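In: Pasting the sequence and the predicted coordinates here, then a few questions.
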Amino acid sequence: MIEELFGNVLNLQWQQVVMWAIGALLIWLAIKKEMEPSLLLPMGFGAILVNLPMSGAVTQLIDGVEEIGPIDVLFNAGIANELFPLLLFVGIGAMIDFTPLLANPKMMIFGAAAQFGIFFTLCVATLLGFDVKDAASIGIIGAADGPTAIVVANMFQSNYLGAIVVVAYSYMALVPVVQPFVIRHITTKHERLIRMSYADRPVSKTTRILFPIVIMIVAGLVAPRSVSLIGFLMFGNLIRECGVLDGLSDTAQKDLANLITLFLGLTVATKMQAASFLNPQTLLILLLGLVAFTFDTVGGVVVAKVYNLFAKTKINPMIGAAGISAFPMSARVINKMGLEEDNQNFLLMHAVGINVSGQIASVIAGGMIMTLFA
């Protein structure tokens with residue numbers, strides 16, 4: 001009787017204990033540091049759950065019979081077919097206000113520039129020996145957009161889906177640490193002190209309604225494989241802007257987004273089993289993720305500096321860094337840095353305009369990568 005109750009302890013491997021520690025770290029970051037708690041908490045719990053010996057949560061072969069685990073069922077139902085990321089994009093789209101971008105459309109230049117890290121990291125990963133599709137999946141970490149990373153890695157059936165998702169969301173949570181460090185090393189004190197006034201230009205309701213529809217059509221023509229992602233994102237925004245579905249907009253922003261994020265984090269854990277997660281490539285992906293985020297930030301700032309060479313009215317180059325897709329975190333970081341340099345320099349609205357353009361650009365970049373390497 002005792003052997004039947006406790007015999008499974010003998011099946012425990014040290015690699016599984018290491019994954020418990022990783023899961024505990026994610027839970028600690030979620031609770032103590034409040035870093036993406038809605039995702040890191042279920043992801044950390046799931047990492048422990050799937051690494052229990054003979055865990056009934058994942059598919060196991062017992063006495064020659066395959067027993068399907070509920071986490072694998074959720075994975076096949078929500079991630080393998082891209083359902084969870086797409087539904088999450090509806091909620092994200094409903095949260096985004098594109099008015100600052102529509103009031104100053106040139107900000108889209110910097111949103112596009114901040115995707116440089118994606119393609120740079122893709123090249124680096126290829127040179128380091130990753131298969132081109134795995135390299136493309138790793139490069140998309142630079143999009144700073146979890147759902148896009150999941151869709152691209154899953155579409156390419158990357159062997160490193162779990163590591164890619166963990167790294168992507170971890171660095172998204174570390175934006176307030178990574179970006180200020182990079183920005184201070186590539187800008188001068190004088191550049192960081194450049195003041196920018198903000199003229200609140202009215203944007204008509206018709207423009208706000210047409211914008212998501214037009215973006216969906218343009219993206220579909222340029223990068224057809226991005227249509228599902230950009231389409232669900234723009235549909236969520238249309239719900240927000242149409243003015244007749246306020247109840248659904250609130251539901252999409254809060255209940256839908258939170259619930260999908262919860263299941264997403266728990267389900268991704270099926271790819272965090274010790275046998276496939278603990279390898280040198282995972283550590284390399286962690287480093288490449290940092291490279292992707294760093295060069296995304298560099299790309300946005302450098303293009304802003306180049307813009308200043310020709311512009312009569314100078315812009316603060318720090319706002320270019322907001323072109324990564326971590327919305328609205330990156331915009332808040334840039335605004336905070338501006339106030340630290342000059343307590344009367346409010347960069348938030350400029351940074352938000354670039355931040356939301358980065359959301360669009362990252363999805364289109366993901367679609368282009370899927371089209372190029374499919």
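Out: Great, that's in hand.
In: Can you show me the strands along the stretch 51-200 of the chain?
Out: Secondary structure of the stretch 51-200 of the chain (DSSP state E, counting those that start in this stretch): strands at 60-62, 65-67.
In: In CSV: those, plus mean pLDDT.
Out: Shown next, in CSV, are the strands of the stretch 51-200 of the chain (pLDDT from 0 to 100):
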stretch, mean pLDDT
strand 60-62, 75
strand 65-67, 80
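In: can you list those in JSON lines and add mean neighbour count?
Out: (Glycine included, C-beta is placed from N, CA and C.) Formatted as JSON lines, the strands of the stretch 51-200 of the chain follow (neighbours: other C-beta atoms under 10 Å):
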{"stretch": "strand 60-62", "mean neighbour count": "11"}
{"stretch": "strand 65-67", "mean neighbour count": "9"}
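In: Could you save the ones you listed as a markdown table and add columns showing distance to Ser226?
Out: Output for the strands of the stretch 51-200 of the chain, formatted as a markdown table (distance: least, C-beta to C-beta, whole Å):
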| stretch | distance to Ser226 |
| --- | --- |
| strand 60-62 | 37 |
| strand 65-67 | 36 |
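In: Select, out of those, the one closest to Phe120.
Out: strand 60-62 (40.9 Å; C-beta to C-beta).
In: Give me the contact list for that closest one.
Out: 54, 66-67, 69 (C-beta atoms under 8 Å, 6 or more residues apart in numbering).
In: again, but for stretch 169-176
Out: Residues contacting stretch 169-176 (C-beta under 8 Å, 6+ apart): 29, 33, 35-36, 39-40, 43, 141, 144, 146, 178, 289-290, 292-293, 324, 326, 329-330, 333.
In: Hmm, Ala331 is touching Ser357, no?
Out: No - the criterion here is C-beta atoms under 8 Å, and Ala331 misses it with Ser357 at 11.0 Å.
In: Spatially central residue for the protein, please.
Out: Asp145 (1.8 Å; C-alpha atoms, centre = their mean).
In: Report the spatially closest residue to it, excluding sequence-adjacent ones.
Out: Leaving aside its chain neighbours, Asp145 sits nearest to Ser325 (4.0 Å; criterion: C-beta to C-beta, 6 or more residues apart in numbering).
In: mind listing the strands for the stretch 201-350 of the chain?
Out: Using DSSP E, counting those that start in this stretch, strands in the stretch 201-350 of the chain do not occur.
In: Ala219: which of the strands of the stretch 51-200 of the chain is closest?
Out: strand 65-67 (40.9 Å).
In: sorry, back to before: right, and the pair among the contacts of strand 60-62 with maximum separation?
Out: The two members of those with the most space between them (C-beta to C-beta) are Met54 and Glu66, at 13.4 Å.
In: Spit out the contact partners of the nearest residue to Val58 once chain neighbours are set aside.
Out: Of all residues not flanking Val58 in the chain, Gly69 sits nearest, at 3.9 Å (C-beta to C-beta, 6+ apart). Counting by C-beta under 8 Å, 6+ apart, Gly69 touches 55-60, 270.
In: can you redo those residues as TSV with distance to Gln15?
Out: Output for those, formatted as TSV (distance: C-beta to C-beta, whole Å):
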residue	distance to Gln15
Ser55	14
Gly56	19
Ala57	17
Val58	15
Thr59	18
Gln60	16
Thr270	16
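In: Could you identify the buried members of these?
Out: Buried members of these, scored by 16 or more other C-beta atoms under 10 Å, are 55, 57-59, 270.
In: Surely Asn237 touches Gly91?
Out: No - judged on C-beta under 8 Å, Asn237 makes no contact with Gly91 at a distance of 10.8 Å.
In: Among the two, which residue is more densely surrounded?
Out: Ranked by neighbour count (other C-beta atoms under 10 Å), Asn237 and Gly91 place Asn237 first, with 30 against 25.
In: Which pLDDT value belongs to the more buried one?
Out: Residue-level confidence at Asn237 comes out at 94, pLDDT.
In: Now Lys305. Nearest residue, chain neighbours left out?
Out: Using C-beta to C-beta, 6+ apart, the nearest residue to Lys305 is Pro317, at 4.8 Å.
In: List the contacts of that neighbour.
Out: By C-beta under 8 Å, 6+ apart, Pro317 lies in contact with 187, 191, 194, 301, 304-305, 308.
In: quick one: it and Ala199, what's the gap?
Out: Going from Pro317 to Ala199 by C-beta to C-beta, to the nearest Å gives 20 Å.
In: Same check on Ala252?
Out: Taking C-beta to C-beta as the measure, Ala252 falls 31 Å from Ala199.
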